[in-house]
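Participant: whatever this is, show me its structure:
(one chain, ligands or ions: 1)
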Amino acid sequence: MAEDLLIVKNLKKYYPITGGVLGGEVGVVKAVDDVSFTVKSGETLGLVGESGCGKSTTGRSLLRLIEPTSGEITFDGTNVMSLSTDAMRKMRRDMQIVFQDPFASLNPRHNIEKILEEPLIVHGLGSSAERKKRVQEMLEIVGLSSYHASRYPHQFSGGQRQRIGIARALMLKPKLIVADEPVSALDVSIQSQVLNLMQDLQREFGLTYLFIAHDLSVVRHISDRVGVMYLGRIVELTTSSQLYSNPLHPYTKALLSAVPSPDPDAVRERVILQGDVPSPAKPPSGCTFHTRCPHVTEECRTVRPEFMDAGDGHFVACHLYKS
Ligand code: SF4
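Facilitator: Purely as a prediction, here's the structure:
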């Protein structure tokens, strides 16, 4: 059984809302509200949900690119929350992030060699010749060529730019990659190429992924387990196959009903969600999904359902599954 590489407990990220005449705090946005999960070494955990559900904030909080409000993050046995700025910077050698928009995350004035070399320079690794050699190797590993090193980001397609983003994340040989919507900006045909590349790299280098996406079909392709987020909380977490064959939470069922089935004969009941996602500044009482849930009861409006194991490690937060 693989070890837990990442353990997250009760993670919260709250943003104060200021206003009024004196500009004081008048409320709080609970972007991430009591999120707990683990990721095993070599595993891919998918995190899905609609935009604004807190999945990207969760991913960035793990690397403390956003400072969490509270919670525990243990990475490879180290308490991440206790690290100084300098120690955190060193820790990020092992925890890297790939962003959604590769173009925005690559400096347009630097050529690819400079972009890929930079993490090595920042961490004081290798001589100039060694760094250049590593850049050449890495370009080949991600399916580009060594001659691409002298080119600039605007000279590449979206898919190629994401390969460069992945190469940059791999330069320091990390253990964990937080992939924040890495294929959402790409054409569907290119998406599967990049996903296949990520899977190949995972096998080759024993990588662990936290894979964030709003699209369940993308997450299914790559994840061992999947967590579904709604309004800052994980509402369901189980293996990828369980989630797709036996979803429990009404929100997961609604999300899945919108995903085209690979089997054209499969009849899946379409669940249309009413209304928009409520504001995280004013989350509904009780179960935060109750304003859109087709199974809502009086209890749902007042009592927050616990996130509990409904059997075999299939976790769900819904009053329909009380033991
Ligand atoms: Fe729906 Fe109630 Fe379950 Fe929330 S607790 S998902 S409102 S049935």
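
Participant: count of residues packed around residue 4?
Facilitator: Neighbourhood size, residue 4 [other CB atoms under 10 Å]: 18. C-betas here are computed from N, CA, C, even on glycine.

Participant: in the sheet, who's paired with it?
Facilitator: Per DSSP bridges, the residues bridged to residue 4 are residue 40.

Participant: that one touches residue 39, doesn't it?
Facilitator: Yes. Using CB atoms under 8 Å, residue 4 is in contact with residue 39, at 7.1 Å.

Participant: those strands in the stretch 201-323 of the chain, which residues are they?
Facilitator: Along the stretch 201-323 of the chain, counting by DSSP state E, counting those that start in this stretch, strands occupy 208-213, 225-230, 233-239, 308-309, 315-316.

Participant: middle-most residue in this structure, spatially?
Facilitator: Nearest residue to the geometric centre of the chain (CA atoms, centre = their mean): residue 212, 2.7 Å.

Participant: wait, that one sits on residue 54?
Facilitator: No. Under the criterion of CB under 8 Å, residue 212 is not in contact with residue 54, lying 10.3 Å apart.

Participant: ok so, going back, among the strands of the stretch 201-323 of the chain, which is nearest residue 143?
Facilitator: If you check each of the strands of the stretch 201-323 of the chain against residue 143 by CB to CB, strand 208-213 wins as the nearest, at 18.0 Å.

Participant: name every strand pairing with the closest one and say which way it goes.
Facilitator: With DSSP bridges as the test, strand 208-213 pairs up with strand 44-48 (parallel), strand 176-180 (parallel).

Participant: so which of the ones you listed is nearest residue 90?
Facilitator: Nearest to residue 90, of all the strands paired with strand 208-213, is strand 176-180, at 14.5 Å by CB to CB.

Participant: got a list of contacts for that closest one?
Facilitator: With contact meaning CB atoms under 8 Å, 6 or more residues apart in numbering, strand 176-180 is reached by 5-6, 39, 56, 59-60, 62-63, 75, 94-100, 169-170, 198, 207-212.
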